[in-house]
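[1] got a sequence here, can you model it:
(4 chains)
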2 protein chains.
Amino acid sequence: MSAPVSQRTRGRLSRERVATAALELADADGLEALSMRTLADRLGVGTMTLYGYYRNKDELLDAVVDAAMEDGEGGAPPLEGDWREQLRGLVLKARRNLLQHPSLVELRVRRPVLRPEALRFSETALGILRGAGLDVREATAAFRLLFTYTFGFAALSPAESTEEDRRAALAALAALPPNEYPALTEAREEASMAMGGEEVFEYGLERILDGLEVRLGR
Amino acid sequence: MSAPVSQRTRGRLSRERVATAALELADADGLEALSMRTLADRLGVGTMTLYGYYRNKDELLDAVVDAAMEDGEGGAPPLEGDWREQLRGLVLKARRNLLQHPSLVELRVRRPVLRPEALRFSETALGILRGAGLDVREATAAFRLLFTYTFGFAALSPAESTEEDRRAALAALAALPPNEYPALTEAREEASMAMGGEEVFEYGLERILDGLEVRLGR
DNA sequence: ACCTGAACACCGTTCAAGT
DNA sequence: ACCTGAACACCGTTCAAGT
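    The predicted model follows:
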């Protein structure tokens, strides 16, 4: 903060500064709000200046993924316990990172992410599953299940569903003919409330871990 | 086909014809290819003509969801067997529909879908889970798990991954330092091949059903 | 009544020009 | 060397005008 960095670097850009600003913009206002024009404006430069740092928007988005993943690395304690506790810890850590950087999910839905930083999650999960006794093929499929659930939940169950969203969901459910939709009618409170709750996420995670335990033993 | 429909209706539009054409366009070329201009062109009318049938693009997209869901209704045999077989049958039916209409997934990721047609899946799943003995709250959470997995897999594991995609994935995995990514290096063939395969999907589904069975009994 | 071109406020990106 | 305005080919949508 108060380090003797040259004042002259204040306004200067770098690939890193551009990527960080892009990540902040995307996380705050959603990926659709991240346009080259808006980002350049926010950085106080002309739009085309950004193309001096990144060849195109796709390349910038890759850097945004990297920035978000690096952010998720630090701080967490190493994984402990048996395979189940380790997997739970890993998934919950990934979920925390996805909640902090919703743009990661949007980016991943648009195209597969193959950046080394982003593959750390895969590596760790695969390692735990192999260590627990699954062969390469089954460990890969089991990883896919955990990955799909974690990212899918973030993509499909909006964490910050506004009161308005919830009311709209409840209204839609209340408008259904009860004789055609008896189960949904009965469950409409729960269905409209708990869409993105942590409790619901963790319930599903434990069922998945139960399912893996059936194959792996304790 | 050869019914005596007035020739004059040939070029005439209707809400339904517009929605059907939009669905075809989105399924064939992806949701991002569905623009009001492109759609109007394909229908041989001026762009603004479409606004005579739908107030705006959002309203048209709702109609696209409806058209895709109706398409998934017919034909399938009623669900049979115990709760596990019924859930498996329901999920696989939903998956088939999502594969046929990839735009459904893209639309669902963008915003919650609350159309009655789209809620039939929820209704049926909830009914099976309640019938199996779960209370309202737990049945809702279990449904969320099944829904997240089914839609998440479709959103995150491209079914039609081209040879080129697979090669890009393999290349990215091969470029990782093996000492830092031992498990991914060992599994890189499986990881790059099986991303979206039906086998992988069904493996995960069976683990989820196993996990529910732990709570439900046979 | 039904349809639509022009226009506006947005995109990403190319190109040629500024310093 | 570094930066950037104008321009092009796209968006969704409003508005005023055509038949």
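[2] can you give me the helices in chain A?
    Secondary structure of chain A, counting by DSSP state H: helices at A:15-29, A:36-43, A:57-73, A:83-100, A:102-110, A:119-131, A:136-156, A:163-174, A:182-186, A:188-193, A:198-216.
[3] contact residues of chain A facing DNA strand C?
    Residues of chain A lying close to DNA strand C (Cβ under 7 Å from any atom of the strand) are A:34-38, A:47-48, A:51, A:56-58. Yep, even glycine has a C-beta here, placed from its N, CA and C like the rest.
[4] could you rerun that using 10 Å?
    Along chain A, the residues adjacent to DNA strand C under the rule Cβ under 10 Å from any atom of the strand are A:31-41, A:46-48, A:50-52, A:54-61.
[5] are any of those residues buried, and if so which?
    A:31, A:34, A:36, A:39-40, A:50, A:54, A:57, A:60-61 (16 or more other Cβ atoms under 10 Å in any protein chain shown).
[6] residue A:216 is in contact with residue A:134, isn't it?
    Yes - in this structure, residue A:216 sits in contact with residue A:134. The criterion is Cβ atoms under 8 Å, and the distance is 7.0 Å.
[7] between these two, point out the one with more neighbours.
    Neighbour count, other Cβ atoms under 10 Å in any protein chain shown: between residue A:216 and residue A:134, residue A:134 has more, with 20 against 17.
[8] give me the residue from chain A nearest chain B.
    Among residues of chain A, the one nearest chain B by Cβ to the nearest Cβ turns out to be residue A:152. It sits 1.9 Å away.
[9] how about the contacts made by the closest residue to that residue other than its chain neighbours?
    Closest residue in space to residue A:152, ignoring its immediate chain neighbours: residue B:152 at 1.9 Å, by Cβ to Cβ, 6 or more residues apart in numbering or on different chains. When the contact criterion is Cβ atoms under 8 Å, 6 or more residues apart in numbering or on different chains, the partners of residue B:152 are A:148-149, A:151-153, A:155-156.
[10] could you rerun that using 7 Å?
    Under the criterion of Cβ atoms under 7 Å, 6 or more residues apart in numbering or on different chains, the contact partners of residue B:152 comprise A:148-149, A:151-152, A:155-156.
[11] domain parsing for chain A?
    Per automatic domain parsing, the domain ranges recorded for chain A read A:5-72, A:80-160+A:196-217.
[12] starting at the chain centroid, how far to the first one?
    This means domain A:5-72. Going by Cα atoms, centre = their mean, to the nearest Å, the spacing between the C-alpha centre of domain A:5-72 and its chain's C-alpha centre is 19 Å.
[13] right, is that domain up against DNA strand D?
    Yes - contact between domain A:5-72 and DNA strand D, assessed by Cβ under 10 Å from any atom of the strand, occurs at A:11-14, A:36-37, A:40-41, A:43-53.
[14] give me the outermost residue of chain A relative to its centroid.
    Outermost residue of chain A with respect to the C-alpha centroid, by Cα atoms, centre = their mean, is residue A:179; its distance is 38.3 Å.
[15] where does chain A have low pLDDT?
    Low-confidence regions of chain A, defined here as pLDDT under 70, cover residues A:1-11, A:74-77, A:159-161, A:194-196, A:218.
[16] again, only this time at 50
    A:1-10 (pLDDT under 50).
[17] once you drop chain neighbours, what's closest to residue A:188?
    Counting by Cβ to Cβ, 6+ apart, residue A:173 is the residue found nearest to residue A:188 once chain neighbours are left out, at 3.9 Å.
[18] pretty sure that neighbour contacts residue A:192?
    Yes - when contacts are counted by Cβ atoms under 7 Å, residue A:173 is listed as touching residue A:192 (6.0 Å).
[19] and the domains of chain A as TSV, adding distance to residue B:119?
    Below are the domains of chain A laid out as TSV (distance: least, Cβ to Cβ, whole Å):
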stretch	distance to residue B:119
domain A:5-72	26
domain A:80-160+A:196-217	15
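[20] need the winner for burial among the ones you listed.
    Per residue and on average, the most neighbours among these fall to domain A:80-160+A:196-217, with a mean of 19 (mean count of other Cβ atoms under 10 Å in any protein chain shown).
[21] how far is that one from where the chain is centred?
    Centre to centre, stretch against its chain (Cα atoms, centre = their mean), the figure for domain A:80-160+A:196-217 is 11 Å.
[22] what about that domain, how long is it end to end?
    Separation of the first and last residues of domain A:80-160+A:196-217 by Cα to Cα, to the nearest Å is 18 Å.
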